[in-house]
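Student: Structure for the following, please:
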Amino acid sequence: MSTIKVTAFNCSPRPAGNTSMLLEEVFKPLEKAGIETRLVQVGRKRLSGCRACYKCRENADGHCVLDDDCNELLDIMYASDGILLGSPTYFADVTAECKALIDRAGYVSMANGGLLKRKVGAPVIAVRRGGQIHAFDSIVNFYAISTR
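Tutor: Here you go, the predicted structure:
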């Protein structure tokens with residue numbers, strides 16, 4: 001029997017900040033249940049938004065043609081059974097890195113036959129003032145669109 005693998009993507013620019021601490025809390029019951037966990041730092045990575053060039057559809061190799069850190073993150077997603085996206089709330093939404101990952105992972109996956117189908121996911125949102133519902137919805141909608 002293979003081990004279930006859950007990867008958390010910390011989209012905060014602070015590797016040891018509140019978002020990271022929340023993701024580590026989510027890991028505790030998973031690890032207790034024997035699920036393998038991994039935390040990947042996304043904030044501060046080279047990650048730009050989707051350019052709508054459609055090369056991922058044309059090349060059909062599960063990757064994006066842009067030269068940044070996205071393909072490394074995509075490969076980790078594909079190898080995971082569960083995906084947690086964690087983000088602080090910036091002006092009532094997720095961080096720019098989180099949004100870029102959502103857009104590109106979602107599009108590349110769909111353009112290549114649904115590479116994220118049947119993955120389990122959950123949002124983890126850190127918030128101080130407000131806007132958490134919109135940030136939460138941004139991640140939930142990524143899962144709703146990309147994993148079915």
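Student: Quick check: the gap between the most centrally placed residue in the chain and residue 63.
Tutor: Centroid-nearest residue in the chain: residue 85, 4.3 Å away (criterion: CA atoms, centre = their mean). Going from residue 85 to residue 63 by CB to CB, to the nearest Å gives 19 Å. C-beta coordinates here come from the backbone N, C-alpha and C atoms, glycine included.
Student: try residue 57
Tutor: 12 Å.
Student: Look at the two and report which has more neighbours.
Tutor: Per other CB atoms under 10 Å, whichever of residue 57 and residue 63 has more neighbours is residue 63, with 17 against 12.
Student: Tell me, how many residues neighbour the residue lying closest to the more buried one once chain neighbours are set aside?
Tutor: Of all residues not flanking residue 63 in the chain, residue 71 sits nearest, at 4.6 Å (CB to CB, 6 or more residues apart in numbering). Neighbour count for residue 71, taken as other CB under 10 Å: 17.
Student: Look at residue 71 and tell me its secondary structure.
Tutor: Classification of residue 71 using DSSP: H, G, I helix; E, B strand; the rest coil returns helix.
Student: Please enumerate the helices of this structure.
Tutor: Taking DSSP state H as the criterion, the chain carries its helices at 18-32, 55-59, 70-78, 96-111, 132-146.
Student: Could you dump these into TSV with distance to residue 125 and mean pLDDT added?
Tutor: Shown next, in TSV, are the helices of the chain (distance: least, CB to CB, whole Å; pLDDT from 0 to 100):
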stretch	distance to residue 125	mean pLDDT
helix 18-32	8	98
helix 55-59	28	97
helix 70-78	19	98
helix 96-111	10	97
helix 132-146	5	96
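Student: Deepest in the core, which of those is it.
Tutor: The highest average neighbour count among the helices of the chain, using mean count of other CB atoms under 10 Å, belongs to helix 96-111 at a mean of 22.
Student: What is that helix packed up against?
Tutor: helix 55-59, helix 70-78, strand 82-88, helix 132-146 (3 or more CB pairs under 8 Å, 6 or more residues apart in numbering; DSSP states H and E).
Student: Let me have those in a markdown table, extended by distance to residue 38.
Tutor: A markdown table is the format used below for the helices and strands packed on helix 96-111 (distance: least, CB to CB, whole Å):
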| stretch | distance to residue 38 |
| --- | --- |
| helix 55-59 | 24 |
| helix 70-78 | 8 |
| strand 82-88 | 10 |
| helix 132-146 | 18 |
